[in-house]
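Q: Quick one: sequence plus predicted model below, questions after.
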Amino acid sequence: MRKTAIFVLLALSLSLLLFGCASAPAEQPASMPTAVKAQSLQKPAVLPTQPESPAEPEPVAAPPVAAPGQPGCTVQFQKDASNVFYVMVKAARAGAIGVTCPNGVSAQKQGELYFCTQLDSPNPAIAYLDGVECGRARFSQADNTTSAPAGKQSCTVLLSPSRITVGQTSTVTVKAYLPQEKSTLSYLCGDAEVNESAGGLVNRGKICKFNTPGTIEVYAKVNGEVCATSPLTVFSTSKDCSVYDSAFAMDREQYVYSAKVAARGYSGGDELHYKCYDIPFAIKANTIPNTTDFVTTIECRSASGPLLQNVKVTMGGNACGELVVAQ
């Protein structure tokens, strides 16, 4: 009976043990936190990038402006006889004047005035005195139908050519700035004087024939007063030569004699002849610059001693003069 009771207890314990193992739920693996799982499934966040702004250009330094109280300039507009306007600058003191046109281009100086290809612009014409802005003004056709106040008068006489033979012609050109609109411009043209009414910027010229030999001062006058002259050489013959400016010097124990020879009207085959220390020299005209109207230098050089007499010079068989021996 006792053995039977023990057996029953053992059987009951084994049944309870088996029943507990079958009913216990299977162990689940540890689950990932929800927040971490959601974060791992998302793509990496891309931060928005700011577009690089272009670098701002460095400001260009403007020309200096005259300080208050410093001498300035008055900018005006002058009309010539052809109704072309120019910029006129009146400075309070002496100095280098420059003008910038309304389009930003430097003006061309013509006499006492400054020329711009375009003035009719909303931008001003700017004047500079020694590199410092001293004044500016805007051009308006309606406000500039009359000439600006008078400036400084100037004139020039040009000759082309400046060496001729009697009976030949030279073009006489007179360039002037005449502040008064109705001035009398006079200039020599051959054997007569030309008189014209002019004002503002003037550029006049004529072909003039001269019949008097010698050196003639071709002049220009404004209201009867001479304002410019230019020399015109008129030769009496078609061919002419001369020797001048004879000189002597010592150079490294050598005696050096020199002179200038001027010749006009000769052809390329004509020759310049002279003799130094019994050595003859012959120079063809076509080897000298400006063959038909030239000035060249001849030279005698020797260490044997000084020249004892003048050196005769000829050109194309014509006597020109002598290289004068002087020590």
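A: Thanks, I have the structure now.
Q: make it CA atoms for all contacts and neighbour counts henceforth
A: Fine.
Q: quick one: G269 from I288, how far?
A: Counting by Cα to Cα, to the nearest Å, the separation of G269 from I288 is 11 Å.
Q: What of G205?
A: As judged by Cα to Cα, G205 and I288 stand 32 Å apart.
Q: For I126, give me its contacts.
A: Remark: with contacts taken as Cα atoms under 8 Å, 6 or more residues apart in numbering, I126 is in contact with V75, V99, T100, C101, P102, E133, C134, G135, R136, A137.
Q: which of these are buried?
A: Applying 16 or more other Cα atoms under 10 Å to the contacts of I126, the neighbour count classes V75, V99, T100, C101, P102, E133, C134, G135, R136, A137 as buried.
Q: Surely the last one touches V75?
A: Yes - using Cα atoms under 8 Å, A137 makes contact with V75 at a distance of 5.8 Å.
Q: Now do the shared contacts for those two.
A: Shared contacts of A137 and V75 (Cα under 8 Å, 6+ apart): A125, I126.
Q: count of neighbours near A91?
A: 19 (other Cα atoms under 10 Å).
Q: With V261 instead?
A: Neighbourhood size, V261 [other Cα under 10 Å]: 24.
Q: name the helices or strands packed onto the helix or strand harbouring it?
A: Following DSSP states H and E, one finds V261 within strand 254-264. Where contact means 3 or more Cα pairs under 8 Å, 6 or more residues apart in numbering; DSSP states H and E, strand 254-264 is packed against strand 240-251, strand 293-302, strand 318-323.
Q: how about the ones you listed in JSON lines, adding distance to K260?
A: Formatted as JSON lines, the helices and strands packed on strand 254-264 follow (distance: least, Cα to Cα, whole Å):
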{"stretch": "strand 240-251", "distance to K260": "5"}
{"stretch": "strand 293-302", "distance to K260": "4"}
{"stretch": "strand 318-323", "distance to K260": "8"}
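Q: possible to save these as JSON lines with mean neighbour count, mean pLDDT and distance to Y219?
A: As requested, the helices and strands packed on strand 254-264 are exported to JSON lines (neighbours: other Cα atoms under 10 Å; pLDDT from 0 to 100; distance: least, Cα to Cα, whole Å):
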{"stretch": "strand 240-251", "mean neighbour count": "16", "mean pLDDT": "91", "distance to Y219": "26"}
{"stretch": "strand 293-302", "mean neighbour count": "17", "mean pLDDT": "92", "distance to Y219": "24"}
{"stretch": "strand 318-323", "mean neighbour count": "19", "mean pLDDT": "93", "distance to Y219": "31"}
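Q: So which of those strands is nearest Q108?
A: For these, the distance to Q108 is smallest for strand 293-302, at 34.5 Å, taking Cα to Cα.
Q: For the closest one, give me every contacting residue.
A: Contact with strand 293-302 is made by 254-266, 276-277, 288, as judged by Cα under 8 Å, 6+ apart.
Q: Quick one: buried ones out of those residues?
A: Burial by neighbour count, 16+ other Cα under 10 Å: within those this picks out 255-266, 276.
Q: list the helices and strands the biggest strand by length in the chain packs on?
A: For the chain, the longest strand by residue count, based on DSSP state E, is strand 169-189. Packing contacts for strand 169-189, counted by 3+ Cα pairs under 8 Å, 6+ apart, involve strand 154-160, strand 192-209, strand 214-222.
Q: can you list the domain ranges for the chain.
A: 73-144, 154-235, 240-323 (automatic domain parsing).
Q: from the middle of its chain, how far away would the longest one be?
A: Using Cα atoms, centre = their mean, to the nearest Å, the mean C-alpha position of domain 240-323 is found 41 Å from that of the whole chain.
Q: do the same with the second one
A: With Cα atoms, centre = their mean as the basis, the distance from the averaged C-alpha position of domain 154-235 to the chain average is 30 Å.
Q: pLDDT on it, on average?
A: Over the span of domain 154-235, the pLDDT mean works out to 90.
Q: How about the shortest one?
A: Within the predicted structure, the mean pLDDT of domain 73-144 is 80.
Q: picking that back up, partner strands of the longest strand of the chain and their direction?
A: When pairing is defined by DSSP bridges, strand 169-189 lines up against strand 154-160 (antiparallel), strand 192-209 (antiparallel), strand 214-222 (antiparallel).
Q: Mind listing residues that contact the shortest one?
A: Residues outside strand 154-160 that contact it (Cα under 8 Å, 6+ apart) are 111-112, 170-178, 218-220, 227-230, 232.
Q: Repeat that for the longest one.
A: Defining contact as Cα under 8 Å, 6+ apart, one finds that strand 192-209 is touched by 78-81, 167-191.
Q: count of neighbours near G224?
A: 12.
Q: Let me know the distance separating it from Q180.
A: Computed with Cα to Cα, the distance linking G224 and Q180 is 14 Å.
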